[in-house]
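Engineer: Need a 3D model of the sequence below.
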Amino acid sequence: MEQGLVEMNRFDQSDSFKELVKLHQDQVLNTCFRFVNNREDAEDLAQDVFVEVYNSIDSFRGDAKLSSWIYRIAVNKSLDFVRKKKRKKRFAFVLSLTGFGDEEKELQLPVTSNPHTDLEQKERNQILNKAIDSLPENQKVAITLSKYEGFSNKEIAEIMKTSVSSVDSLIHRAKNKLQKKLHKFYEKHL
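Structural biologist: Next up is the predicted model:
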């Protein structure tokens, strides 16, 4: 199926593009979500990914699988979004120091049956996400695609345009750094 889509130079038939979107939309959305940690932002980014796929399909050279190309676009758009968001936060912080900024409103998660357990899980997730966010960008991408999205190291290598051994090394270093950061954090706070 994917091979047939790769051979098409254009998506002149809307059915072909709809099929492509249907085939990859869930994983593209999940990939974006893992980087931005916000469902609405991830949905917007996923839509942007498919707009770019539609507009740039002519530039797809076929040197990797179509799916790898799509996920590379998703990762790049997500990382760009995160960078822009960090710049906005720094700017908002400066404004708040001068008294001109509005405070950000925190989104409330839906409450389930056990608030104590939910709070503990939310705190653990925040700690892990903060540790992952502190990793160098290439390690963050590799570990996210591997552990959260379930890509093989070969697929990650295609997405990141690097070798499988480089991906192995990135994941190994990311795991070591995460282990050290989390150990330090829990040793300090427990």
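Engineer: Need phi/psi at K161.
Structural biologist: K161 adopts backbone torsions of phi 60, psi 50, taken as degrees, to the nearest 10.
Engineer: can you tell me how far it sits from V21?
Structural biologist: Going from K161 to V21 by CB to CB, to the nearest Å gives 24 Å. The way it works is simple: take the backbone N, C-alpha and C, and place the C-beta from them, glycine included.
Engineer: How about K77?
Structural biologist: Applying CB to CB, the value for K77 to V21 is 15 Å.
Engineer: quick one: which of these two has more around it?
Structural biologist: K77 (21 against 18; other CB atoms under 10 Å).
Engineer: ranges for the helices of the chain?
Structural biologist: Listed in chain order, the helices of the chain (DSSP state H) span 2-6, 14-36, 39-56, 66-98, 115-133, 137-143, 153-160, 164-189.
Engineer: Tabulate the ones you listed (TSV), appending mean pLDDT.
Structural biologist: Putting the helices of the chain into TSV (pLDDT from 0 to 100) gives the following:
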stretch	mean pLDDT
helix 2-6	44
helix 14-36	88
helix 39-56	92
helix 66-98	73
helix 115-133	79
helix 137-143	90
helix 153-160	89
helix 164-189	87
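Engineer: Can you give the domain ranges for the protein?
Structural biologist: 1-107, 108-190 (automatic domain parsing).
Engineer: Which residue is the nearest non-sequential neighbour of A131?
Structural biologist: The shortest distance from A131 to any residue other than its chain neighbours is 4.6 Å, reached at K181 (CB to CB, 6 or more residues apart in numbering).
Engineer: Nice, that's everything, thank you.
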